[in-house]
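>>> Need coordinates for the following:
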Amino acid sequence: GDIGGVVQVVMGQGDGWVRGYEALSGRKLWEFDTNPKDTVWPKNRNNVISTPVIDGNYIYIANGQDPDHGDGEGHFYCIDGTKRGDITESGRVWHYDGIGRSISTAAVSNGWVYIPDFSGFFHCLDAGSGEVQWVHDTLAAVWGSPLVAGGKVYLGDEDGDVVILREGREEVVLGEMNMGGAVYGSPVPANGVLFLASRNRLFALEVEP
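As a prediction, the model looks like this:
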């Protein structure tokens, strides 16, 4: 992504740090530790499994652990990617610690951030301040990532349910459907069709003409 006029490759890594590199040269520009300094592996020190999301000069990222390790404390950050060096303090725009471990990639749209944790709690945050707007309980583990499309937010869970919420500040559930098997991946839109994969089936959904 273009961050502050510099094309960067941003990657969350196994030691729990997020790092930004200049795309043309590979030179490391900055690094950010997503774990508080007093954390201890594997009790509460996490890796970064999710993909960083770049929106303007800001990067949104959650940390977590292998799902085999179960539930635990997590952290979600908004980071300023124009800073340089160790930006664990200087680059932190905000920090949300009301989330559990997550392996999901956030969705950022119209000033809102949507991020589930592995325990199944789906958080909507203000993208500028990190203030929590609502938390939806899916009642099942979440492996995949949310999709925002057409003013709606889609999220699948391990029970095979896909919940559809209205985009925005208020928690409004528009519907829920079961796909007949665990949903580990993320919904994908293409050419007016929504593709949803369960554990053993692939669905293509579209509005009837």
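
>>> List the contacts of Asn47.
For Asn47, the contact set (Cβ atoms under 8 Å, 6 or more residues apart in numbering) comprises 12-16, 63-66. In short, each C-beta sits where N, CA and C put it, glycine included.

>>> do that again at 6 Å, thanks
Asn47 sits next to 14, 16, 65 when contact means Cβ atoms under 6 Å, 6 or more residues apart in numbering.

>>> next one: Val162
Val162 neighbours (Cβ under 6 Å, 6+ apart): 156, 177.

>>> Send me the host helix or strand of it as PDB with only the CA atoms.
Taking DSSP states H and E as the definition, one finds Val162 inside strand 161-166. Output of strand 161-166 as PDB, limited to C-alpha atoms (Å, rounded to 0.1, in the frame of the first residue of the first chain):
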ATOM      1  CA  ASP A 161     -23.900 -20.100  10.200                       C
ATOM      2  CA  VAL A 162     -23.400 -16.900   8.200                       C
ATOM      3  CA  VAL A 163     -24.700 -13.800   9.900                       C
ATOM      4  CA  ILE A 164     -25.600 -10.700   7.900                       C
ATOM      5  CA  LEU A 165     -25.600  -7.300   9.700                       C
ATOM      6  CA  ARG A 166     -26.300  -3.800   8.600                       C
END
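
>>> Quick check: next helix or strand after that strand?
Downstream of strand 161-166, the first helix or strand assigned by DSSP H and E is strand 173-178.

>>> That next one: what's the following helix or strand?
Sequence order places strand 188-190 as the next helix or strand after strand 173-178, per DSSP H and E.

>>> what's next to the next helix or strand after that following strand, contact-wise?
Proceeding N to C from strand 188-190, the next assigned helix or strand is strand 193-197, under DSSP H and E. Under the contact criterion Cβ under 6 Å, 6+ apart, strand 193-197 has outside partners 185, 187-188, 203-206.

>>> Which elements pack onto the next helix or strand after strand 193-197?
The C-terminal neighbour of strand 193-197 among helices and strands, as given by DSSP H and E, is strand 202-205. Secondary-structure packing of strand 202-205 (3 or more Cβ pairs under 6 Å, 6 or more residues apart in numbering; DSSP states H and E): strand 193-197.

>>> Sheet partners, orientation included, of the strand it packs on?
Using DSSP bridges, strand 193-197 pairs in its sheet with strand 188-190 (antiparallel), strand 202-205 (antiparallel).

>>> Take those strands and lay them out in CSV including mean pLDDT.
Listed next are the strands paired with strand 193-197 as CSV, based on pLDDT from 0 to 100:
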stretch, mean pLDDT
strand 188-190, 95
strand 202-205, 96
